[in-house]
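1. kindly generate the corresponding structure for this input.
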Amino acid sequence: MKRTRIAHALTLPAPQSDLLLKGWVRTVRNGKNVSFINLNDGSNMGGIQIVVPSDMDGIEEVRKLTTGSAVEIVGELVESQGKGQSVEVQATKVTTVGRAAEEYPLQKKGASFEFLRTIAHLRNRSNTFGATFRVRSTLAQATHAFFANRGFVYLHTPIVTGSDTEGAGEMFRVTTLDMDNPPRTDKGEIDWDKDFFGKPAYLTVSGQLNAEAFAMGMSDVYTFGPTFRAENSNTSRHASEFWMIEPEMAFCDLSENCDLAEDFVKHLLRTVLDDCTSDLEFFNQRIDKGLLERLQHVVDSGFERMTYAEAVKRLIDSGQKFEYPVEFGVNLQAEHERYLTETLVGRPTFVTDYPKSIKAFYMRRNDDGQTVGAVDLLVPGVGELIGGSAREERLDVLEDAIRELGLEPEDYGWYLDTRRYGTAPHAGFGLGFERMVMYATGMQNIRDVIPFPRTPRNCEF
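-> You can find the predicted model right below:
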């Protein structure tokens, strides 16, 4: 007999005989003549009700079942006689696969998100986190479908790297040296030549530079993988390990980059609205009461576009008092971004052409000498969702930009080769995947949208 997932069983017409279900017990209620099991296998929100008659063989074992136990159910799918479900399963056989200890921490009573983070290996069995990770899975699959349908090549970029994409220096070092007694040079410095790679190596902060190299030969590529930041930031929006989606397109300008980003965001949200209906309804009811309306508004809206200078002017002219004052030349804070999109514009907004002093070296210098062809997508409720730019394709200008940051062009020799041998205009952007999951679910902490979060002083599980 082949197993049927609960989500699929609920779509079948009743009656259906000889149904085999496997999952974990959420609750057991024992009556005089019947017992009720709520069974969940992770495929849907509410699980399914199992009705066990008191004369079934093994009923005493059923009556002793504990919350969290793994069981196999054989029975018939029938129309439900009770409220809250259209169908239920009349069990003919219940087998205990793995009994949960009495102290199983996910009991019927509610638990805080803080507590559930301490049992991240079990929290996926709860309604909130089951829904979160189903939405996360749907978003990941929708990402691959979006780029595949547009002819993009999926590229696996290195996790270990010798270069710092952002020039920020907040990177995790990778080494095989004995840190208690590292080899030293004649000057007393650590001799990295003796390390595994013969040079300093780090966990990557971005796959962008590698993706650019492939775009220069394969036109349209994207990466989707883990990235790392050794930033001691204990906020609800930052993690030390997170996933990034980074497309890079040859023969593409900033406007076309924005077009793709808008299509991508709408595709992701349209997909979860269509495919994760019950999960999003749960989030809308329990987590963020305006969620469904906000997501639909994004899908239905044309995204605004304005320059950074225009955005700053509109914020200043609004007369709104911010915690961080707005002026040309400073990074926009989340409060500025949200006020712009939620109050001044009322829809998602691309802000372009930022001052070069606050952006990365690889962004294309504009003719004014002061700004670069950067773009951030700001959305209501969150602020920045995507960051990208036209990439600097002119070799001499890029070399000067690298030097301005105090970096050595020689360290980026392979990257500069892409400008030396057949350079072409190109552009791309990065979307922090966890931030998209937060936006799609209304969850407020990045620690709650990644299975096993890595944050400062936290590397459990």
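
2. show me which strand runs longest in this protein.
-> Counting by DSSP state E, the longest strand found in the chain is strand 16-30.

3. tell me the helices and strands packed up against it.
-> Counting contacts by 3 or more CB pairs under 8 Å, 6 or more residues apart in numbering; DSSP states H and E, strand 16-30 packs against helix 6-9, strand 34-40, helix 59-63, strand 70-79, strand 87-98. For the C-beta atoms, the positions are set from N, CA and C on the backbone; glycine is no exception.

4. ok and the fourth one relative to strand 87-98, angle-wise?
-> What it means is strand 70-79. Calculated by axes from the mean of the first three to the mean of the last three CA atoms, to 10 degrees, strand 70-79 forms an angle of 170 degrees with strand 87-98.

5. give me the mean pLDDT for strand 70-79.
-> On average, the pLDDT along strand 70-79 is 96.

6. how much space between Gly413 and Leu10?
-> Here the criterion is CB to CB, to the nearest Å. By it, Gly413 lies 58 Å from Leu10.

7. looking only at neighbour counts, state which of the two leads.
-> Between Gly413 and Leu10, counting by other CB atoms under 10 Å, Leu10 is the more crowded of the two (17 against 10).

8. now do the same contact list for the more buried one.
-> 44, 48, 86-87 (CB atoms under 8 Å, 6 or more residues apart in numbering).

9. over to Ser240?
-> 172, 228-231, 454-456.

10. which ChimeraX command selects the buried ones in those residues?
-> The command below creates a ChimeraX selection of those among the contacts of Ser240 that count as buried (16 or more other CB atoms under 10 Å):
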select :172,228,229,231,454,455
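
11. return the most buried member of the helices and strands packed on strand 16-30.
-> strand 34-40 (a mean of 20; mean count of other CB atoms under 10 Å).

12. mind listing residues that contact that one?
-> Residues outside strand 34-40 that contact it (CB under 8 Å, 6+ apart) are 6, 21, 23-29, 46-54, 59, 62-63, 65, 71, 73, 91, 94, 125, 130.

13. in a markdown table: the contacts of Leu10, plus pLDDT and distance to Ala148.
-> Below are those laid out as a markdown table (pLDDT from 0 to 100; distance: CB to CB, whole Å):
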| residue | pLDDT | distance to Ala148 |
| --- | --- | --- |
| Asn44 | 95 | 27 |
| Ile48 | 96 | 34 |
| Ser86 | 89 | 36 |
| Val87 | 94 | 36 |
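
14. most neighbours out of the residues you listed, which is it?
-> Neighbour max across the contacts of Leu10 (other CB under 10 Å) = Ile48, 25 neighbours.

15. not counting sequence-adjacent ones, nearest residue to it?
-> Spatial nearest neighbour of Ile48, chain neighbours left out: Ile6 (4.9 Å); criterion: CB to CB, 6 or more residues apart in numbering.

16. just checking, that neighbour touches Leu21?
-> Yes. Checked against CB atoms under 8 Å, the pair Ile6 and Leu21 is within contact range at 6.2 Å.

17. now the common contact residues for the two.
-> Common contacts of Ile6 and Leu21 (CB under 8 Å, 6+ apart): 39, 41, 48.

18. distance check, the last one against Asn366.
-> It stands for Ile48. Separation of Ile48 from Asn366 (CB to CB): 59 Å.

19. again, but for the first one
-> Distance, Leu39 to Asn366, by CB to CB: 60 Å.

20. now do the same contact list for the residue nearest to Ile48.
-> With CB under 8 Å, 6+ apart, Ile6 has these contacts: 21, 23, 39-41, 43-44, 47-48.

21. isn't Val174 right next to Thr204, touching?
-> No. Counting by CB under 8 Å, Val174 does not reach Thr204; the two are 10.0 Å apart.

22. okay, the two: which has more neighbours?
-> Comparing Val174 with Thr204 by neighbour count (other CB under 10 Å), the higher total belongs to Thr204, at 26 against 17.

23. which residue, neighbours along the chain excluded, lies closest to that one?
-> Using CB to CB, 6+ apart, the nearest residue to Thr204 is Thr161, at 4.5 Å.

24. what's the neighbour count on that neighbour?
-> Other residues close to Thr161 by other CB under 10 Å number 21.

25. closest one to Arg314 among the helices and strands packed on strand 16-30?
-> Judged by CB to CB, the one of these that comes nearest to Arg314 is helix 6-9, at 46.4 Å.

26. how far away from the center of its chain is that closest one?
-> 26 Å (CA atoms, centre = their mean, to the nearest Å).

27. domains in the protein, by residue range?
-> Following automatic domain parsing, one gets these domains for the chain: 6-98, 127-169+205-448.

28. Leu344 in helix, strand or coil?
-> Following DSSP: H, G, I helix; E, B strand; the rest coil, the label given to Leu344 is helix.

29. tell me who's in contact with it.
-> Counting by CB under 8 Å, 6+ apart, Leu344 has contacts 314-315, 318.

30. again, 10 Å this time
-> Shown in contact with Leu344 (CB atoms under 10 Å, 6 or more residues apart in numbering): 304, 306, 311, 314-315, 317-318, 320.

31. taking these one by one, which sit in helices?
-> Taking DSSP state H as the definition of helices, the contacts of Leu344 contribute 311, 314-315, 317.

32. so Pro247, which of the three states?
-> Judged by three-state DSSP, the three-state class of Pro247 is strand.

33. neighbours of it, how many?
-> Pro247: 29 neighbours (other CB under 10 Å).

34. partners of it in the sheet?
-> With DSSP bridges applied, Pro247 shows beta-bridge pairing to Tyr222.

35. ok, it to Glu392 distance?
-> Pro247 is 18 Å from Glu392, where distance means CB to CB.

36. where exactly do the strands run in the stretch 301-450 of the chain?
-> 304-307, 349-355, 371-379, 383-391, 426-432 (DSSP state E, counting those that start in this stretch).
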